[in-house]
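Peer 1: What follows is a predicted protein model with its sequence.
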Amino acid sequence: MTTAAVAVRSPARSGSDHLTGTRALSRLALRRDRIMIPVWVLVVGGSFASVTGSFAKLYDTAAKRADVAHSMSTNGSMRALYGPVFSDSLGGLTAWRMVGFGAALAAVMSLVIVVRHTREEEETGRQELISSAMVGRRAPLTAALLTALIANAALALMITTGLAKSGEPGAGSLALGLATAGVGMLFACTAAIAAQLTESARLAKGLTSAVIGAAFVLKSAGDASTDDGSSVLTWLSPIGWAENVRAFGGERWWVLLILAGAIGVQAVLAYRLAGRRDVGMSFLPTRPGPAQGALGTAGSLAWRLQRGSVYGWSAGFLAAGVVFGGITGGAADLVGDNEQAREIFERMGGHSGLTDAFLAAMAGMLGLVAALFIVASVLRLHGEETSQRAEPLLAGAVGRLRWAAGHLVVAFAGSALIMALGGVGLAVGYGHDLGPILGAALVQLPAVWVMGGLTFLLYGAFPKAAVAGWGVAGLVLALGWIGPALDLPRSVLDLSPFGHLPKLPGGEMAWPPVLLLTAIAAALVAGGLAGLRRRDLTT
């Protein structure tokens, strides 16, 4: 039995003893996340007020707002993306545009926080050392959830004050802030449960991310079928609960009680599971691996470790492509004569025909999400090193460059695979034009690879800053997703590598930026390899 297991089973046993050390662990978690949490809060929370300001410019009269609200609510394709519109006020349009994506981003923020301070700590062995001191069995989980609670409370405050300062009613602003943060806290508890069930941080994040994705799909399917959020599928999704709070549209405060109840039930389950296992153990242990012959090279080991992720992302991109392709016709019909909406799509997808611009915008969105895949895949190297699984491997005949190359091949080839499947899905959903649409998806790869190369450079040369790759990916995602709607200057949008790509289909293929971005990605990878070769392994 491990030292940690002995420590947590020793004498004690009042409820307060189980929480001994929570305050110190909470302070430590907040200190470690002192940059990440403020960035998440400022980017996600600030985007709500920014969208309000953008809508105030686009739809500056009540008649325009009523017209766009009616158009959005009567179009099933747009309801599937954003949900129904419950009010034609500026606040109502902001809630329509932001509640689904904002809640999903809050959920991602929360899962990263909780898994980082629970399962990651156990996986690296730090939790075993901490638990050998005066630390209660449930203190680490409590500290992680308190950190997530503080982050979500700050997000709710940011959303509420930002909208209120923009002149929107206080009740609607508060309802939108609480609904968004409530979903974030709910999935913090989901991540806490996943951290007890799985044996690695990667699996805990993957399981929680899958639940978030399923919740978003349920909400989209339900919203596509009804125009008032009353579908059973919508009510099966926590993100659908946030939508049905109906901020600025006759607030339903009682829906927040459903969120609170679900948070309580999941928290109790997480605490019960945490009390029934030893540190480092899980309820779903990893199965034994294959015979050594199947893992004879560094590349085969990397594939073994990451194949589940590649399969999951591939299926998700194919499905997402089919959905986006299926709504292309409806979106084009919706935009029709709306010049402001047309301008947004043209900023995202180019100045070709509206259908081509929409397809180009959707291909660009798939590329932005693929950047998250490649960052996660490259950072698997960091996880292997910090968990001390890489050191025994590198002590043998496997060199550092071969070991890193195996994971890089999976990351870069895997991103090409998921983008190709996303393009095929777009073409299948749209019904034709496989060649041009597949090309539009694949042309995103140089920018995706730049994100992977930058992350690897951080890992290879500055391992302590490796997780900053997530921050860069989040910033690029925000620029690509919100930037065109906010009509940000071209100089700001060009900070993202995706801003330099040709807008396909419909636009002209421009090879110089594609080749330049590919060369930059190769240079970043070379720099990362040089740094990894020279530095010591993390201990």
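Peer 2: Cool, the structure landed. Every value quoted in this text rests on a predicted model; they were computed, and no experiment measured them.

Peer 1: can you count the residues close to residue 71?
Peer 2: Residue 71 has 18 neighbouring residues, counting by other Cβ atoms under 10 Å. Heads up, the C-betas are built off the backbone N, CA and C, glycines and all.

Peer 1: now it: how far from residue 227?
Peer 2: The gap separating residue 71 from residue 227 is 12 Å, by Cβ to Cβ, to the nearest Å.

Peer 1: how far does stretch 82-99 sit from the chain's center?
Peer 2: On the basis of Cα atoms, centre = their mean, to the nearest Å, stretch 82-99 sits 22 Å off its chain's mean C-alpha point.

Peer 1: what does stretch 60-73 give?
Peer 2: Taking Cα atoms, centre = their mean, one finds stretch 60-73 lying 31 Å from the centre of the chain it belongs to.

Peer 1: what is the mean pLDDT for stretch 70-81?
Peer 2: Across stretch 70-81, pLDDT averages out at 74.

Peer 1: what's the span of it, first residue to last?
Peer 2: Stretch 70-81 has an end-to-end distance of 16 Å (Cα to Cα, to the nearest Å).

Peer 1: go on, stretch 502-519?
Peer 2: End-to-end for stretch 502-519, by Cα to Cα: 17 Å.

Peer 1: what comes up buried for it?
Peer 2: Within stretch 502-519, the residues scored as buried using 16 or more other Cβ atoms under 10 Å are 502, 503, 504, 505, 506, 507, 513, 514, 517, 518.

Peer 1: what does stretch 248-267 give?
Peer 2: 248, 249, 251, 252, 255, 256, 258, 259, 262, 263, 266, 267.

Peer 1: hang on, the earlier thing: restricted to helices, list the buried residues of stretch 502-519.
Peer 2: If you go by DSSP state H, the buried residues of stretch 502-519 have 513, 514, 517, 518 in helices.

Peer 1: Mind telling me what element residue 312 is part of?
Peer 2: Counting by DSSP states H and E, the element that carries residue 312 is helix 298-326.

Peer 1: got it, and residue 377?
Peer 2: Counting by DSSP H and E, residue 377 is found in helix 354-378.

Peer 1: immediately after that helix, which helix or strand?
Peer 2: helix 380-386.

Peer 1: wait, isn't residue 314 in contact with residue 419?
Peer 2: No: if you go by Cβ atoms under 8 Å, residue 314 and residue 419 don't touch, sitting 10.1 Å apart.

Peer 1: Looking at these two, which one has more neighbours?
Peer 2: Between residue 314 and residue 419, counted using other Cβ under 10 Å, the more crowded position is residue 419 (26 against 17).

Peer 1: What sits closest to residue 53 if chain neighbours are left out?
Peer 2: Nearest residue to residue 53 in three dimensions, chain neighbours excluded: residue 166, at 6.6 Å (Cβ to Cβ, 6 or more residues apart in numbering).

Peer 1: what's the neighbour count on the one you found?
Peer 2: By other Cβ under 10 Å, neighbour count at residue 166 equals 18.

Peer 1: circling back to that earlier point, have a look at the buried residues of stretch 248-267 and tell me the least confident one.
Peer 2: In this model, the minimum pLDDT among the buried residues of stretch 248-267 belongs to residue 249 (89).

Peer 1: these two touch, right, it and residue 92?
Peer 2: Yes: in this structure, residue 249 is within contact of residue 92 by Cβ under 8 Å, at 5.3 Å.

Peer 1: shared neighbours, these two?
Peer 2: 86, 172 (Cβ atoms under 8 Å, 6 or more residues apart in numbering).

Peer 1: do you know how far the residue nearest to the spatial centre of the chain is from residue 44?
Peer 2: Residue closest to the average C-alpha location in the chain (Cα atoms, centre = their mean): residue 108, at 5.0 Å. Applying Cβ to Cβ, the value for residue 108 to residue 44 is 9 Å.

Peer 1: Relative to residue 444, how far out is residue 435?
Peer 2: Where residue 444 is concerned, residue 435 sits at a distance of 16 Å (Cβ to Cβ).

Peer 1: what do you get for residue 386?
Peer 2: Look at residue 386 and residue 444: by Cβ to Cβ, they are 30 Å apart.

Peer 1: Neighbour count for those two, which is higher?
Peer 2: Neighbours were counted for residue 386 and for residue 444 using other Cβ under 10 Å; residue 444 has more, 27 against 19.

Peer 1: Return the residues in contact with the residue nearest to that one when sequence neighbours are not counted.
Peer 2: Among residues not flanking residue 444 along the chain, residue 367 sits closest, at 3.0 Å (Cβ to Cβ, 6+ apart). With contact taken as Cβ under 8 Å, 6+ apart, residue 367 is in contact with 419, 441, 444, 445, 447, 448, 498, 501.

Peer 1: And residue 509, by the same measure?
Peer 2: 439, 443, 502.

Peer 1: go on, residue 461?
Peer 2: Contacts of residue 461 (Cβ under 8 Å, 6+ apart): 527, 528, 530, 531, 532, 535.

Peer 1: just so I have it, where are all the helices in the stretch 101-250 of the chain?
Peer 2: 119-124, 126-131, 139-165, 170-197, 201-225, 232-235, 238-244 (DSSP state H, counting those that start in this stretch).

Peer 1: which strands and helices sit next to the last one?
Peer 2: If I follow you right, that is helix 238-244. Using 3 or more Cβ pairs under 8 Å, 6 or more residues apart in numbering; DSSP states H and E as the contact test, the elements touching helix 238-244 are helix 90-116, helix 170-197, helix 201-225, helix 232-235, helix 254-274.

Peer 1: Averaging pLDDT per element, find the lowest-scoring helix or strand in this protein.
Peer 2: helix 3-9 (a mean of 38; mean pLDDT, DSSP states H and E).

Peer 1: Can you dump the C-alpha atoms of the next helix or strand after that one in PDB for me?
Peer 2: Next along the chain after helix 3-9, taking DSSP H and E as the criterion, comes helix 22-32. Taking C-alpha atoms only, helix 22-32 is exported to PDB below (Å, rounded to 0.1, in the frame of the first residue of the first chain):
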ATOM      1  CA  THR A  22      -8.400  22.400   2.300                       C
ATOM      2  CA  ARG A  23      -7.500  26.100   2.900                       C
ATOM      3  CA  ALA A  24      -3.800  25.600   2.100                       C
ATOM      4  CA  LEU A  25      -4.500  23.500  -0.900                       C
ATOM      5  CA  SER A  26      -7.000  26.100  -2.200                       C
ATOM      6  CA  ARG A  27      -4.500  28.900  -1.900                       C
ATOM      7  CA  LEU A  28      -1.900  26.700  -3.700                       C
ATOM      8  CA  ALA A  29      -4.400  26.000  -6.500                       C
ATOM      9  CA  LEU A  30      -5.300  29.700  -6.900                       C
ATOM     10  CA  ARG A  31      -1.600  30.600  -7.000                       C
ATOM     11  CA  ARG A  32      -0.900  28.000  -9.700                       C
END
